[in-house]
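*Asks:* the following comprises the amino acid sequence and a computationally predicted model.
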Amino acid sequence: MRRLPPVLIEDGCSRELVSLIRTILAACKEISFRVGQGALSGVLGSTLDENIQGETQKKLDVLSNQLLKDILLESGYVKAIASEEEDYTVAGNPKANYIVAFDPLDGSSNTDINSLVGTIFSIMEAPEGSDPSDPAIFMQPGHKQVAAGYVLYGPSTMLALSTGKGTRLFTLDKTHGSFLLTQDFAAIPEDTKEFAINASNQRHWTPAMQNYIADLLEGETGPRGKNFNMRWIAAMVGDVHRVLCRGGLFTYPEDRKDPNKPFKLRLLYEANPMAMLIEQAGGIAHTGRERILDIQPEEIHQRVGVILGSKHEVEACLTYHK
């Protein structure tokens, strides 16, 4: 099996970009170890703090964020970082060429029940001559990402990564500490019978999404003419991994539960990197109004609706939103 660095170099990645990705993965290996230790490491449970999103922080949220933050800033490869767990962007090396946005531990509420969690990251080029302390350097649409990926901490630790030439899957060989290529190019089936949505929010969805899901649930006797299965892991990284492996539709749509927060997922470090991975594997990633990768960000922690997955199923969902 092939190791990660030669694969990236063959794809034309600069050695600086390869080094940056390896730096991110060094932190992820340590996170993987801490997650795997569970209660033995004393890092399960919640803190008494909230992040800028107003969400109670898990101990592993804080630890994972600090690991990624420290190793990236010490590496010298990043001009600035943005994190779900940081109120503001953090300046790095003024001479560096890249900026990184990340969700250090997606699905962290799953840690206490020993379920799937992961790290999501997005890499962009820093505008030439930009100020590393200026958050405006992150205000770039997702199609400008030079790399995006996630590391899934499950029965095995897996990396999904794209540098714009397809989406590849790697598995961490814990014997040697290397990520080895285990699926050269992920290809999402265009058709599916699976969908993932948090059904507890059904009463808050827009009429378009309510009608779409209602038709799926009617199965083969309904307008879609086939039976669907619903899956829900409660961690975007786990649900998207399933889509990459066997197809499906994942959505966290607009809802009206809190008029001040109609969307759940963050654009820069959740929706954008996942959209790149999905599109590079032949799927579609949309908000219901526009392609995710075309959105011009307005703030670091901006939220958006997300509908992504198998091409034909996403297209079917979007017909309800016209």
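*Replies:* Sure thing, it's come through. Computed from a prediction, not measured in an experiment: that's the story for all the values here.

*Asks:* return the helix or strand in the chain with minimum mean pLDDT.
*Replies:* strand 46-50 (a mean of 56; mean pLDDT, DSSP states H and E).

*Asks:* correct me, but Asn229 touches Glu194?
*Replies:* Yes. The pair Asn229 and Glu194 qualifies as a contact (Cβ atoms under 8 Å) at a distance of 5.1 Å. Heads up, the C-betas are built off the backbone N, CA and C, glycines and all.

*Asks:* neighbour count: those two, which is higher?
*Replies:* When Asn229 is set against Glu194 and neighbours are counted by other Cβ atoms under 10 Å, the residue ahead is Glu194, at 20 against 11.

*Asks:* residues in contact with that one?
*Replies:* By Cβ atoms under 8 Å, 6 or more residues apart in numbering, the contact set of Glu194 is 228-231, 242, 246-249.

*Asks:* may I see the PyMOL selection of the buried members of those?
*Replies:* Remark: buried members of the contacts of Glu194, expressed as a PyMOL selection using 16 or more other Cβ atoms under 10 Å:
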select buried, resi 228+242+247+248+249
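
*Asks:* which of the contacts of Glu194 fall in strands?
*Replies:* Using DSSP state E, 229-230, 249 are the members of these that sit in strands.

*Asks:* ok, these vs Leu67, which is closest?
*Replies:* Looking at the ones in strands among the contacts of Glu194 and their distance to Leu67, the nearest is Leu249, at 32.9 Å (Cβ to Cβ).

*Asks:* now do the contacts for that closest one.
*Replies:* Listed by Cβ under 8 Å, 6+ apart, the contact partners of Leu249 are 192, 194-196, 243, 307-310, 313-314, 317.

*Asks:* buried set for stretch 171-191?
*Replies:* Counting neighbours by 16+ other Cβ under 10 Å, one finds that the buried residues in stretch 171-191 are 171-172, 178-179, 181, 186, 188-189.

*Asks:* from the middle of its chain, how far away would that stretch be?
*Replies:* Counting by Cα atoms, centre = their mean, to the nearest Å, stretch 171-191 is centred 16 Å from the centre of its parent chain.

*Asks:* and which of the buried residues of stretch 171-191 is nearest to Pro135?
*Replies:* Sorting the buried residues of stretch 171-191 by distance to Pro135 puts Phe179 at the head of the list, at 31.0 Å, by Cβ to Cβ.

*Asks:* which strand or helix spans that closest one?
*Replies:* Of the helices and strands defined by DSSP states H and E, Phe179 is found in strand 178-183.

*Asks:* that strand: what's the following helix or strand?
*Replies:* Downstream of strand 178-183, the first helix or strand assigned by DSSP H and E is strand 194-196.

*Asks:* which of the residues in the helix or strand following that following strand are classified as buried?
*Replies:* Sequence-wise, the next helix or strand downstream of strand 194-196 (DSSP H and E) is helix 207-217. Across helix 207-217, burial judged by 16+ other Cβ under 10 Å covers 208-209, 212-213, 215-216.

*Asks:* and Glu74, how many residues sit next to it?
*Replies:* The number of residues packed near Glu74 is 12, by other Cβ under 10 Å.

*Asks:* with Gly76 instead?
*Replies:* By other Cβ under 10 Å, the residues close to Gly76 number 15.

*Asks:* and it, what's its pLDDT?
*Replies:* Among the per-residue scores, Gly76 shows a pLDDT of 97.

*Asks:* which residue is the nearest non-sequential neighbour of it?
*Replies:* For Gly76, the nearest residue in space outside its immediate sequence neighbours is Asn93; the separation is 4.7 Å by Cβ to Cβ, 6 or more residues apart in numbering.
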